[in-house]
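Trainee: show me how the following folds:
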Amino acid sequence: MQLVARRLQEFNLYTPERFKVIDMLQEYQMGPFQVTPIRVTHSIPDCCGLILRSEHGSIVHTGDWKIDENPVDGEHFDRSTFDLLSKEPISLMMSDSTNVLSPGRTPGEAVVRDSLCQKVLDHAGKGRVVVTQFASNLHRLASVKAAADAAGRRICFIGTSLGTYLEAAYRDGRAPINPAELIKPNQLRDHDPNKVLIVTTGSQAEPRAQLSLASRSASENLRIGPQDLVLYSAKVIPGNETQVSQMLNSLALQGARVVASRSDNLHVSGHAYQGELEEVLRFVKPQHFLPVHGEYSFLVEHARLARQRAGVLFTEVIKNGQMLGIHERRNRNTLSTGSMAAAAAGKEQASGEQQQSGISVIGEVDLFRLFNDGSRGTGTAAEMGIPEREAMAFEGIIVAAVDVIRPKLAAGKGGMGCKARVTTRGMWTESGKLLDVLHQAIQAAVSRLPGDASLGQVERDIIDACQKAARWFNNKKPEVIVVAFEHDPRAAGIPDMVTRPRRQQPAATGKAATAAPAQQQQRVAVPWGPQGTQPRRSPAAAEQQQQQQQEVTAAAAAAIAVPAAQQAPAAAAN
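Mentor: Numbering: from 1, shown residues only. The predicted structure is shown next:
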């Protein structure tokens, strides 16, 4: 429970009211079901299967499991309870299909413990030992601790998730290692390499995991050297084969000895093989069987095993989202006469069906993934911007800041100019040639626009031009972000200047005569936008325009007032 709580807290999903602690075989109510947990063995403690009983029938779900005859924690698989299930009608059994293709039985964790001890002892006096494993496999940590104790080595964890799982186990009293006894990564240099055993994350070559970083010489805490022994104590998850192989090759190139063969017995699975799958099916003797947890081909093979080797007559394989209907039987061969089953049987007979399977797909629901971002937000792909992130990851991104320079001539009599600052991320630029191409495309796009074009139109045209240029240059479709702004805010407020001369004034004498020519050349500026509307401008530009208009009006009024004042004395003299 501590482990589940810690993981939910990590993603900001923890709600204390939802957590109920139960004991094995302790019954509790869950909706319409009376639930009984049954102990099974797995790679982490406290794993259980569930018996769900209701008035319509009973269901058995095994969860993740195997049968470990000699478990590290001493908690054995509950064979007796599974055997008792054969004495009551089990309408449906669901079981883990992960290792259905593996014949025989799953080896126990004790095999790994003995192999680890031997290999660590054989490396005595030769340098460090580095072990990588699944961070959640607490039983494996117990085996690593036994090997370290046998060789007189102290353990150092390098990888955050290892400490997370150990902390949760320690709070629950199940930690195989005392966290206080661990060497801190920054103290490794102070210890004899022959007395150190490092446990690290990255068994699946996750790019940010420590062993993967070390293979690329990118880890701050782990540097691989020629004296190191790397023990790969995990299984390669299907789909990760290439990246894991590359990681192990890189470690070997750095001089380390890498041990990862299956024959070295450094890993055993936590999932049942064919022998255990058949054994539990024979224990339960379900009326119907539904294989779960595995690739679709694994589910099909598990259903075949149940029919051919365990004697289960009715099986079904469904895809994610499909709903399955089950009818309880009076025995393993005959449908029950209960109301629901009788109604279904009547429909089958009316439709001419001869065999009543009692199990069928009855519907399907649309499923969708939820994503968690930074332990804060959770939502769908669209809500979390996943398509945009994927596009930027594969296609790259272009950001352009464009300083728009408007012409001094009237609209339509001269194109605009600009100064652009362009940045790219995640794109091949061929030593900066892409940037030159983008600058040329931006200049050409802006020059084709009329002088009174809005900033929005400028941005849209530049986006189109950059996308076409990138597609031509390297066949990419990057995300393009353009921010256009005015080089001269006053030009943005008066994009089209319509001028008219001030009315001619009577000839003046004296000082007024010398000032008149300059005054007569003053013009009144009238802002005139497209279709008689004001163009879009910022509040600052609007305020500056208003102030400018006030100054022009005041100057014009002053120019008119001066000649009038000079003409009044002349009239009086006459």
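Trainee: does the nearest residue to Met392 once chain neighbours are set aside have beta-bridge partners, and which?
Mentor: Closest residue to Met392 apart from its sequence neighbours, by CB to CB, 6 or more residues apart in numbering: Glu479 at 5.1 Å. Bear in mind the C-beta positions are built from the backbone N, C-alpha and C, glycine included. According to DSSP bridges, the partner residues bridging Glu479 are Ile397.
Trainee: Val258 belongs to a strand?
Mentor: Yes. Secondary structure of Val258 (DSSP: H, G, I helix; E, B strand; the rest coil): part of a strand.
Trainee: residue contacts, it?
Mentor: Val258 makes contacts with 230, 232, 248, 251-252, as judged by CB atoms under 8 Å, 6 or more residues apart in numbering.
Trainee: please repeat the previous calculation with a cut-off of 10 Å.
Mentor: Residues in contact with Val258 (CB atoms under 10 Å, 6 or more residues apart in numbering) are 130, 224, 228-232, 247-252.
Trainee: which of those residues fall within helices?
Mentor: The members of the contacts of Val258 that map onto helices under DSSP state H are 247-252.
Trainee: thinking Gly294 is in contact with His302, fair?
Mentor: Yes. Between Gly294 and His302 there is a contact under CB atoms under 10 Å: 7.1 Å.
Trainee: what about the residue nearest to Met392, how many neighbours?
Mentor: Residues near Glu479, counting by other CB atoms under 10 Å, number 17.
Trainee: ok, it to Pro89 distance?
Mentor: 59 Å (CB to CB, to the nearest Å).
Trainee: could you do Leu305 as well?
Mentor: Plainly put, Leu305 is 22 Å away from Pro89 if you go by CB to CB.
Trainee: between the two, which one's more packed in?
Mentor: Leu305 (20 against 17).
Trainee: which residues does the spatially most central residue of the chain contact?
Mentor: Residue closest to the average C-alpha location in the chain (CA atoms, centre = their mean): Phe371, at 6.1 Å. Residues counted as contacts of Phe371 (CB under 10 Å, 6+ apart) are 377-381, 383-386, 389.
Trainee: if you set the cut-off to 8 Å instead, what comes out?
Mentor: With CB under 8 Å, 6+ apart, Phe371 has these contacts: 378-381, 384, 386.
Trainee: for it, phi and psi?
Mentor: Dihedral pair for Phe371: phi -120, psi 140, per degrees, to the nearest 10.
Trainee: re earlier: give me the subset of the contacts of Phe371 that lies in strands.
Mentor: If you go by DSSP state E, the contacts of Phe371 have 378-379 in strands.
Trainee: and the buried ones among the contacts of Phe371, selectable in ChimeraX?
Mentor: Only the buried entries of those go into this ChimeraX selection, using 16 or more other CB atoms under 10 Å:
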select :384
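Trainee: those helices in the stretch 251-400 of the chain, which residues are they?
Mentor: Assigned by DSSP state H, counting those that start in this stretch, the stretch 251-400 of the chain shows helices spanning 274-284, 296-309, 339-350, 386-395.
Trainee: tell me what the first one is packed against?
Mentor: Going back to what we said before, that points to helix 274-284. Helices and strands touching helix 274-284, as assessed by 3 or more CB pairs under 8 Å, 6 or more residues apart in numbering; DSSP states H and E, comprise helix 79-84, strand 92-96, helix 296-309.
Trainee: out of the ones you listed, deepest packed?
Mentor: strand 92-96 (a mean of 24; mean count of other CB atoms under 10 Å).
Trainee: can you tell me the strand partners of that one and which way each runs?
Mentor: Sheet partners assigned to strand 92-96 using DSSP bridges are listed as strand 57-61 (parallel), strand 288-292 (parallel).
Trainee: report the buried residues of the following helix or strand past it.
Mentor: Once strand 92-96 ends, the next helix or strand along the chain (criterion: DSSP states H and E) is helix 109-122. For helix 109-122, the neighbour count (16+ other CB under 10 Å) marks 109-113, 115-117, 119-120 as buried.
Trainee: burial measure for Gly225, as a count.
Mentor: 11.
Trainee: so how far is Leu324 from it?
Mentor: 55 Å.
Trainee: before we move on, what about Ala142?
Mentor: Separation of Ala142 from Leu324 (CB to CB): 39 Å.
Trainee: where does the stretch 251-400 of the chain have low pLDDT?
Mentor: Scanning the stretch 251-400 of the chain for pLDDT under 70 picks out 330-357, 375.
Trainee: just the CA atoms of stretch 24-42, as CSV, please.
Mentor: Taking Å, rounded to 0.1, in the frame of the first residue of the first chain, the C-alpha atoms of stretch 24-42 are listed here in CSV:
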residue,chain,number,x,y,z
MET,A,24,-5.4,-11.9,2.9
LEU,A,25,-8.6,-13.9,3.0
GLN,A,26,-10.4,-11.0,4.6
GLU,A,27,-13.8,-10.5,2.9
TYR,A,28,-15.0,-7.0,2.0
GLN,A,29,-17.8,-5.5,-0.1
MET,A,30,-17.1,-3.8,-3.3
GLY,A,31,-20.3,-2.7,-5.1
PRO,A,32,-22.3,-5.9,-6.0
PHE,A,33,-19.4,-8.2,-5.2
GLN,A,34,-18.2,-9.9,-2.0
VAL,A,35,-14.4,-9.9,-2.5
THR,A,36,-11.9,-12.2,-1.0
PRO,A,37,-8.1,-11.6,-1.7
ILE,A,38,-5.9,-14.7,-2.1
ARG,A,39,-2.1,-14.6,-1.7
VAL,A,40,0.0,-15.2,-4.8
THR,A,41,3.7,-14.9,-5.3
HIS,A,42,5.3,-12.3,-7.6
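Trainee: pLDDT score assigned to the residue nearest to Val40 when sequence neighbours are not counted?
Mentor: Distances taken as CB to CB, 6+ apart place Trp65 nearest to Val40, at 3.7 Å, with adjacent residues excluded. Among the per-residue scores, Trp65 shows a pLDDT of 96.
Trainee: got the contact list for Trp65?
Mentor: 40-42, 47, 49, 77, 96, 270-272.
Trainee: again with Glu295
Mentor: Counting by CB under 8 Å, 6+ apart, Glu295 touches Pro238.
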